[in-house]
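A.B. asks: coordinates only, sequence not included:
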């Protein structure tokens, strides 16, 4: 019962600086870091002390709510620093790598006969569970509640994001192992969406395959869930990034946690944007300066420009990111910027903005907001880029006034902040949509659970 | 750049102070701010609220200019009689006509903006929020929907009332229930009815000259029809706007161009405009039907307006102006696409209904829009509930 998905509503943001399809090996990083903000809503309980030496794949901390859920070190080395913030909240764990390359060895699973319990305990123990996220709430999945389906998007539409067809090439064995294992965890289907039949994710067995087409956000897993099998109240679905399937698959096949990943370094500020093989938590400077930066005032983003988080060359590759974007900062004034004709920025209107003339032109956008924060005024604009069967502005307003009933009724269970990245992009009132949705989800989770 | 840095330093100096919103409001008119994104989407589209509002103002400028020339044209025609063979260049676009416009219309524009923005600034400073751009359009709309000789003090009072009661008490731009420009118009209408209707107010100096030997008058077409006299203007006069009326409402042609521009730029909703036109035509057809079925006699006081060709309703009075520039206000209108169809339809429908049945004042557009402003949230509620019900049904099916 494969279902083809064709999206009409949406907007492709074409940016200068897409990564060229060649892969280099990044310089080895001295220090690796795990940023706890990547695991939204997890209360960490440390398992190792500062100064202790760890192997690659050795648990660093566990989830206070689900003790079996371990989070592991990407490399072998010494836990040199636990960076804490206000009220001693753990922010970052820094591991100084050593050359030993010691890896925790798990027993391998026979996937043909493995039960759901086997798979679950293997993933929890090895740290691979953290790659599985759930909706509602867009947090690391709760292993106690079985999902009605698992969704994997193998199609990229986000601006400058790593092309999954390219980075997953040759990983078919790992991908197959991972989806076979995941299939045991749900009574429903494992839905895999691909752009075409040349995707490495195409033709996997034991999954329901969907062909996706259309502008961004067609590639977002949230869009696909909404079109294939939307989340209802009381239901749970899980999602896994296609690229993280490789790490899961390798663990299941070899018993080793291999945090290596091919990432795209892209953006108009990068001299030679291309792909790098590196490791989760690696210092961004280890590959950023390999490609070179063409300007002085730039911003480094962990992830794509629509959903990533701000970091710096001294920062570290995020746990879930396969893209690092570098774009110019826009912290400058522009004379009469609000009324003069605009040719060098993207717009969803034609109000003296001319991006509609050349839909395929690539733009060099900065981080300027192009205007100030205002109350919601314009209506009907979000709907044009929001393909989900949800009223976006009404849902945002429900979150802002913290009306739990309305948030539920309007479909907050179905969405993640990233689904609102495009509406945020085009928002004339410059409202922080993703933050509003995140806070709404947190409130709903706290109140209803 | 010198000015840029000076202003930047001043902005830093004012930061957190009481006058900061006032300074920033002026600063951002000169320079797009240096604000950058922090989280979420790191890049943003080019449009902001200022650009949106500015686009509406651009669509209003031709109407304003036409209104200025028409002010003079109606004035001199009322004195000397309408020219026999009308020529656009010799009789309409003349320096004399324009001069009348400058001395009558411009003061209205200036008072509207100065008073309205002053109120906005005061509220922004007191409440510590930024000056939002909503009044840029309101301030332009107000002079266009009042009779030409509206006393300036009257306008000032109405603007203060409209901005404070119509908008600021609800929390400012984006929060108001009623269209502020129409609230101002309604205030004027109910507080000073003799200045807002009749046969003396539509032509410059008609009021002053009343009762003297030089008396002039200029009745609107709707006024004539309401008294069961035939309209004394040709269809092309009505369409191009060489007729008496509120400053900006007369030229259906330029309003149509403005509407098309707003639709093309994707600023205003074509759904509202189209459905309002359909609504007005529907009601007009019903009345025409009543007349042709002989349900009312020629002696009826409604006969004149009921027998008026249904499509000509769009050419006279403020209907076209209201549909294009006021009904499409996104804040006070319906917010859902489906709701916009109902909202627009009823605006057109009720406008013509009021127009025909209100003997005292034969124009109903502003009342119809204000009425639908009140009902817009209700319409949206039912549209959104359909989505909620669909979701509930899906969930029941899944658990069944």
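C.D. replies: Noted; the coordinates are in hand. Just so you know, these numbers come straight off a predicted model, no measurement behind them.
A.B. asks: could you list every residue that touches the residue in the stretch 201-350 of chain A that chain B sits nearest to?
C.D. replies: Proximity of the stretch 201-350 of chain A to chain B (CB to the nearest CB) peaks at residue A:337, 2.6 Å away. Glycine gets a C-beta too; all of them are placed from N, C-alpha and C. Taking CB atoms under 8 Å, 6 or more residues apart in numbering or on different chains, we find residue A:337 in contact with A:370, B:31, B:32.
A.B. asks: same deal with residue A:224?
C.D. replies: A:5, A:151, A:153, A:191, A:193, A:210, A:212, A:218.
A.B. asks: could you redo the last one with a cut-off of 10 Å?
C.D. replies: A:3, A:5, A:7, A:151-153, A:155, A:191-193, A:210, A:212, A:217-218, A:239 (CB atoms under 10 Å, 6 or more residues apart in numbering or on different chains).
A.B. asks: To which secondary structure element is it assigned?
C.D. replies: helix A:221-228 (DSSP states H and E).
A.B. asks: Tell me the helix or strand right after that helix.
C.D. replies: Using DSSP H and E, the next helix or strand after helix A:221-228 towards the C-terminus is strand A:237-240.
A.B. asks: List the neighbouring strands of that following strand plus their orientation.
C.D. replies: Strand pairing for strand A:237-240, determined by DSSP bridges: strand A:132-135 (antiparallel), strand A:149-154 (parallel).
A.B. asks: buried ones in that strand?
C.D. replies: Within strand A:237-240, the residues scored as buried using 16 or more other CB atoms under 10 Å in any protein chain shown are A:237, A:238, A:239, A:240.
A.B. asks: in the stretch 301-400 of chain B, which spans are helices?
C.D. replies: B:303-306, B:319-321, B:337-357, B:365-399 (DSSP state H, counting those that start in this stretch).
A.B. asks: Then the stretch 51-200 of chain B?
C.D. replies: With DSSP H, counting those that start in this stretch applied, the stretch 51-200 of chain B shows helices at B:95-127, B:134-144, B:152-166, B:180-191, B:193-196, listed in chain order.
A.B. asks: and what of the stretch 201-350 of chain A?
C.D. replies: A:221-228, A:242-254, A:285-291.
A.B. asks: want to throw those into a markdown table with mean pLDDT?
C.D. replies: Shown next, in a markdown table, are these (pLDDT from 0 to 100):
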| stretch | mean pLDDT |
| --- | --- |
| helix A:221-228 | 93 |
| helix A:242-254 | 93 |
| helix A:285-291 | 92 |
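A.B. asks: and residue A:78, which of those is closest to it?
C.D. replies: helix A:285-291 (18.4 Å; CB to CB).
A.B. asks: I'd like the distance between residue B:15 and chain A.
C.D. replies: Going from residue B:15 to chain A by CB to the nearest CB, to the nearest Å gives 14 Å.
A.B. asks: my read: residue A:310 touches residue A:299, true?
C.D. replies: Yes. Taking contacts as CB atoms under 10 Å, residue A:310 lies within contact range of residue A:299: 6.4 Å.
A.B. asks: okay, and the common contacts of the two?
C.D. replies: With contacts defined as CB under 10 Å, 6+ apart, the residues shared by residue A:310 and residue A:299 are A:367, B:36, B:37, B:42.
A.B. asks: May I see the buried residues of stretch A:202-209?
C.D. replies: A:202, A:204, A:207, A:208, A:209.
A.B. asks: okay, those residues in TSV with pLDDT and distance to residue A:285 next?
C.D. replies: Supplementary listing: the buried residues of stretch A:202-209 in TSV, determined by pLDDT from 0 to 100; distance: CB to CB, whole Å:
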residue	pLDDT	distance to residue A:285
A:202	88	36
A:204	89	36
A:207	91	38
A:208	93	42
A:209	92	39
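A.B. asks: and the two most separated of those residues?
C.D. replies: Greatest spatial distance in the buried residues of stretch A:202-209: A:202 and A:208, 12.3 Å, computed using CB to CB.
A.B. asks: Give the residues shared as contacts by these two.
C.D. replies: Joint contacts of residue A:202 and residue A:208 (CB under 10 Å, 6+ apart) are residue A:192.
A.B. asks: who are the neighbours in contact with the closest residue to residue A:93 other than its chain neighbours?
C.D. replies: The spatial neighbour of residue A:93 that comes closest, neighbours along the chain excluded (CB to CB, 6 or more residues apart in numbering or on different chains), is residue A:34 at 4.6 Å. By CB under 10 Å, 6+ apart, residue A:34 lies in contact with A:44, A:60-61, A:71-74, A:79, A:90, A:92-95, A:130, A:280-281, A:316, A:318-319.
A.B. asks: List the residue ranges of chain B that fall below the pLDDT cut-off.
C.D. replies: Filtered on pLDDT under 70, chain B yields the residue ranges B:1, B:359-362, B:399-400.
A.B. asks: Show me the residue at the heart of it, geometrically.
C.D. replies: residue B:326 (4.3 Å; CA atoms, centre = their mean).
A.B. asks: ok, that residue - contacts?
C.D. replies: Contacts for residue B:326 (CB under 10 Å, 6+ apart) come out as B:137, B:141, B:145, B:179, B:181-182, B:185, B:318, B:332-333, B:347, B:365-366, B:369-370, B:373.
A.B. asks: Residue A:180 and residue A:205 touch, don't they?
C.D. replies: Yes. Counting by CB under 10 Å, residue A:180 touches residue A:205, with 7.8 Å between them.
A.B. asks: Give the residues shared as contacts by these two.
C.D. replies: With CB under 10 Å, 6+ apart, residue A:180 and residue A:205 have no common neighbours.
A.B. asks: Please identify the buried residues of stretch A:87-98?
C.D. replies: A:90, A:92, A:93, A:94, A:95, A:97.
A.B. asks: Which residues does the third one form beta bridges with?
C.D. replies: Looking back up the chat, that one is residue A:93. Here residue A:93 sits in beta bridges with residue A:34, residue A:82, as judged by DSSP bridges.
A.B. asks: Run through the residues that contact it.
C.D. replies: Applying CB under 10 Å, 6+ apart to residue A:93 gives the contacts A:32-36, A:44, A:46, A:48, A:50, A:54, A:60-61, A:71, A:73, A:79-83, A:281.
A.B. asks: likewise the fourth one?
C.D. replies: Applying CB under 10 Å, 6+ apart to residue A:94 gives the contacts A:31-34, A:50, A:77-83, A:281, A:316.
A.B. asks: can you check residue A:213 too?
C.D. replies: Contacts of residue A:213 were listed using CB under 10 Å, 6+ apart, and they are A:4, A:5, A:6, A:7, A:8, A:155, A:157, A:195, A:196.
A.B. asks: could you measure the closest residue in space to the third one that isn't next to it in sequence against residue B:289, distance?
C.D. replies: Among residues not flanking residue A:6 along the chain, residue A:213 sits closest, at 5.1 Å (CB to CB, 6+ apart). Applying CB to CB, to the nearest Å, one obtains 50 Å for the distance of residue A:213 from residue B:289.
A.B. asks: Could you do residue A:110 as well?
C.D. replies: Shown here: residue A:110 relative to residue B:289, a distance of 81 Å by CB to CB.
A.B. asks: Just want to know which of those two has more residues nearby.
C.D. replies: Set residue A:110 next to residue B:289 and count neighbours by other CB atoms under 10 Å in any protein chain shown: residue B:289 wins out with 12 against 9.
A.B. asks: what helix or strand does that one sit in?
C.D. replies: Using DSSP H and E, residue B:289 sits within helix B:270-292.
A.B. asks: In that helix, which residues are buried?
C.D. replies: Buried, per 16+ other CB under 10 Å, within helix B:270-292: B:270-277, B:279-281, B:283-284, B:287-288, B:290-291.
A.B. asks: what's the answer for stretch A:210-225, then?
C.D. replies: Quick answer for stretch A:210-225 (16+ other CB under 10 Å): A:210-212, A:214-225.
A.B. asks: picking that back up, mark which of the contacts of residue A:337 are part of strands, please.
C.D. replies: Among the contacts of residue A:337, the members falling in strands (DSSP state E) are B:31, B:32.
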